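K.L.:
Have a look at this prediction, sequence included:
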Amino acid sequence: MKKLYCFIVVLLLLSLAMPLSSQGTKDMAGDTVMLTMGSWRTDDVEQMNRLLAAYKKVAPNVSIKFQPTNPPDYNATLRLQLDSKTGPDLMYARSYAAGQELFNAGYFADCSDIPGLKENFSASNRAPWQTSDGKQFAIPFAAVSHAVYYNKDIFKKEGIAIPQTWEEFLALNAKLKKAGYTPLANGLADEWDIFETFFLGLLPNFIGGAEQRVKYERGELKMNDAAFVAAYQAMADVAKYCPSGFEAVTYNDSQVLFNTQKAVMFVDGSWTAGVYDGATFDWGLFAIPAPKGNKTAICFHPDMAITMNKATAHPAEAKAFLAWLCTEEGATTASQNLPSGYFPMIKFPIKLENPHANEFLALNAGKQTDARFVWPALMDLYSPMDQAVIRVMKGDLTAKQAADSIQKLR
Amino acid sequence: MSKTKHTLQKKQQWRWFLYLMPALLFYVLFMAYPMLDSLRLSLYTGNSPHTRSFVGLGNFSKLFSDPTISERYWGAFFNTWYFFLIHLIFQNALGIIFAVILTNETMKGRQLYQTIIFIPTTFAVLVTGYLWKLILNPVWSGDFFVSIGLPFLKHPWLGDTKTALTCVALVSCWQWMGIPTMMFVAALRNISEEVLEAARMEGAGFFRLFFSIKLPLIKPVVGIIAVLTFVNNFNAFDIVFAMENVNGAPGYSTDLIGTLFYRYGIAGQHPIGIPDAGLGAAIATITFLVLLVGVIPTLKRTQGGQ
């Protein structure tokens, strides 16, 4: 009897231990080397598999498996995997602080000497994945842009031209509203979108590009100066052109409003360009215009890079893949397989197939571009600034009060 | 002979323990150990076992002295109490009222009403949360409310810091009301007919009958339900996640301890997303203590009579 009990207990314990031991990785299958790639782009499995299949032709003995994680969980999951030494061999790296943190913790390999990196990427495109002492921790992969999506059919019907200044933009909104339209689809419910796409999208128009941003970061310019107050005021001014009840409109709602022609314009990021592929109306893009006297600038944000695990079992193969991404051939293959709205950062002129993606890129011509204002050095201000923008749009704060509240945190 | 019988008895005395073993093993491994370990974790900082270091009560002092974190914590703390009180009042009061109606012998279609009240409980929270999010969104439902002559209902309920938390709590009440209703129905049916009959003979009216006979007799159930409401809602996370996302939009007005814990301890704050497991464990530890302090006296007062 006793033996039976012991047996049952041992069996139970064994069954508990099972899931732990079944996690072994099959690295070698014949002569091919299996590499895994971690990512937060769950939407891009198909595109990435095409890209990786193309790489298979270049390096027949290497197979790369794309294993994306749900975007909000990516940082946490990746950390957990890296901590427990089950991290992927190759992985997407976030720009600036989030990426630096993982490099400093010793998880990302130093990519500074990958051939082709320094030659084929401009210094400003490499910067988002560099530490303060200039070490490169990832290969730049794709950037995103921000602009105004507009319904061409309605613009034509109402006889509206694309606005060249912020003042014209406001006048156009007023005209549309008078004609019974909801001019803008943007809402506040999800909180991140109004800030990242709209406020940070228009900010370079009011305060200037990268040189000016650096002055704010160093504290040479105050974050409650006239330019900043004007930017908050701009948000206060557009609130009345957003849908009625915009306080409860989510990012998805905004997309639906624009896609069903219930709203005429949507200030959004390039990553949604693919959402309107099947739209029943003609749509286009224009840059968020600068106020009179300022030059229109674009928020062109470095978003994705690929790096390798410092502890990978196959450093040579992983490195070879990164080097391939730095070649014209690799970058072209990669860009053609990127989802629409993600733009290559390599210096070669790469033709994209999607017309709207090219429209986005064309907006950059002759204009200054910069990353999203808070990303490079002021990430602490993300939440307070986000809340300030929302409160300004709801009318709880004046533009001046909002700017002062942020300057106080510096 | 007698000696062997004695040892056999002794042997059998401990047999019950073996039957308990599997459940106990699972409980210890998956409930008790992680909970105790999270108490321990609250004294450490760092996210990985390799880089973790002991900080004593550092996480707790950070939670209450860092101006941003403590503002968020106290905001979430009071929101959670408010969220719980709405449940205690609306969910359970309505539960009692419905139970009294449902136990009324003369009522027709009792089964049907019982089913209708209980059905929301069987839905997934994400589904009810999403549906109510659409219903409460003026962009989608506003025209309908205007067309049926109730234009005042066209309001961004979930986007207004003054109404958001109340709406979320009421949606949660709507969903879970079936549980207390069923428990009260069961308790009310257990009251012996003789007692009620005697009271009626003495001339007790409906309200006298309810407050002097029924309510005191179902007091233990009221206590259990109060405790369950407390425990479930002090840990609430899912309904806010479904309706307002983990930041507790708008402007942290629906931020509960559950969402705060998720942001600080598990997912990290958007957009950097670096979690602080120690700080998260500190929040969880305090919640555990609050629950302990809240549950024991309630149980003592309502279950003591037996």
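P.N.:
Perfect, I can see it now. Residues are numbered from 1 along each chain as shown, chains lettered A, B, ... in the order given.

K.L.:
in stretch B:133-153, what's buried?
P.N.:
Neighbour-count burial for stretch B:133-153, with 16 or more other C-beta atoms under 10 Å in any protein chain shown as criterion, is recorded at B:133, B:136-142, B:145, B:153. (Glycine included, C-beta is placed from N, CA and C.)

K.L.:
Give me the neighbour count for residue B:63.
P.N.:
Neighbour count for residue B:63, taken as other C-beta atoms under 10 Å in any protein chain shown: 21.

K.L.:
From residue A:272, how far out is residue A:259?
P.N.:
Computed as C-beta to C-beta, to the nearest Å, the residue A:259 to residue A:272 distance reads 10 Å.

K.L.:
for residue A:279, same thing?
P.N.:
Using C-beta to C-beta, we find residue A:279 at a distance of 11 Å from residue A:272.

K.L.:
So which of those two has more stuff around it?
P.N.:
Using other C-beta under 10 Å as the criterion, residue A:279 and residue A:272 rank with residue A:272 on top: 20 against 14.

K.L.:
Report how many residues lie close to residue A:312.
P.N.:
As a burial measure, residue A:312 scores 18 neighbours (other C-beta under 10 Å).

K.L.:
Nearest residue to whatever residue of the stretch 101-250 of chain A ends up closest to chain B in space, please, no chain neighbours.
P.N.:
With C-beta to the nearest C-beta as the measure, the residue in the stretch 101-250 of chain A that lies nearest chain B is residue A:247; the distance is 2.8 Å. Distance criterion C-beta to C-beta, 6 or more residues apart in numbering or on different chains; nearest residue to residue A:247, sequence neighbours excluded, is residue B:159 at 2.8 Å.

K.L.:
Pop the domain breakdown of chain A in here.
P.N.:
The record, using automatic domain parsing to delimit domains, assigns chain A the ranges A:28-143+A:302-360, A:145-301+A:366-407.

K.L.:
Poorly predicted segments of chain B, please.
P.N.:
Judged by pLDDT under 70, chain B has its weakly predicted residues at B:1-8, B:11, B:47-50, B:304-306.

K.L.:
So which residue is dead centre in it?
P.N.:
For chain B, the residue lying nearest the average C-alpha position, counting by C-alpha atoms, centre = their mean, turns out to be residue B:232 (1.7 Å).

K.L.:
what helix or strand does the nearest residue to residue B:153 once chain neighbours are set aside sit in?
P.N.:
When the adjacent residues along the chain are set aside, residue B:153 lies closest to residue B:145, with 4.1 Å between them (C-beta to C-beta, 6+ apart). For residue B:145, the host element (DSSP states H and E) is helix B:138-147.

K.L.:
where does the stretch 201-306 of chain B come near chain A, residue by residue?
P.N.:
B:244-247, B:249-252, B:266-275 (C-beta under 8 Å from any C-beta of the partner chain).

K.L.:
Tell me, how many residues neighbour residue 286?
P.N.:
No chain in the question, so chain A it is. That count, for residue A:286 with other C-beta under 10 Å as the rule, works out to 18.

K.L.:
Chain B is the one I meant
P.N.:
18.

K.L.:
how about it, what does it touch?
P.N.:
The neighbourhood of residue B:286, defined by C-beta atoms under 8 Å, 6 or more residues apart in numbering or on different chains, consists of B:60, B:63.

K.L.:
try 10 Å
P.N.:
When the contact criterion is C-beta atoms under 10 Å, 6 or more residues apart in numbering or on different chains, the partners of residue B:286 are B:42, B:60, B:63-64, B:73, B:77, B:257, B:261.

K.L.:
hang on, the earlier thing: can you tell me how far the residue nearest to residue A:247 sits from residue A:249?
P.N.:
Distance from residue B:159 to residue A:249, counting by C-beta to C-beta: 7 Å.

K.L.:
list residues touching both of the two?
P.N.:
Applying C-beta under 10 Å, 6+ apart, one finds that residue B:159 and residue A:249 are jointly contacted by A:187-189, B:137-138.

K.L.:
want to throw the residues you listed into JSON lines with distance to residue A:400?
P.N.:
As requested, the shared contacts of residue B:159 and residue A:249 are exported to JSON lines (distance: C-beta to C-beta, whole Å):
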{"residue": "A:187", "distance to residue A:400": "25"}
{"residue": "A:188", "distance to residue A:400": "21"}
{"residue": "A:189", "distance to residue A:400": "26"}
{"residue": "B:137", "distance to residue A:400": "32"}
{"residue": "B:138", "distance to residue A:400": "30"}
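
K.L.:
Quick one: check whichever strand or helix holds residue A:150 for contact with chain B.
P.N.:
Assigned by DSSP H and E, residue A:150 falls within strand A:139-151. No - for strand A:139-151 and chain B, the contact criterion (C-beta under 10 Å from any C-beta of the partner chain) is not met; the two come no nearer than 12.9 Å.

K.L.:
to the chain's geometric centre, what's the distance from the helix or strand that comes right after that strand?
P.N.:
Next helix or strand after strand A:139-151 toward the C-terminus (DSSP H and E): helix A:152-158. Offset of helix A:152-158 from its chain centre (C-alpha atoms, centre = their mean, to the nearest Å): 30 Å.
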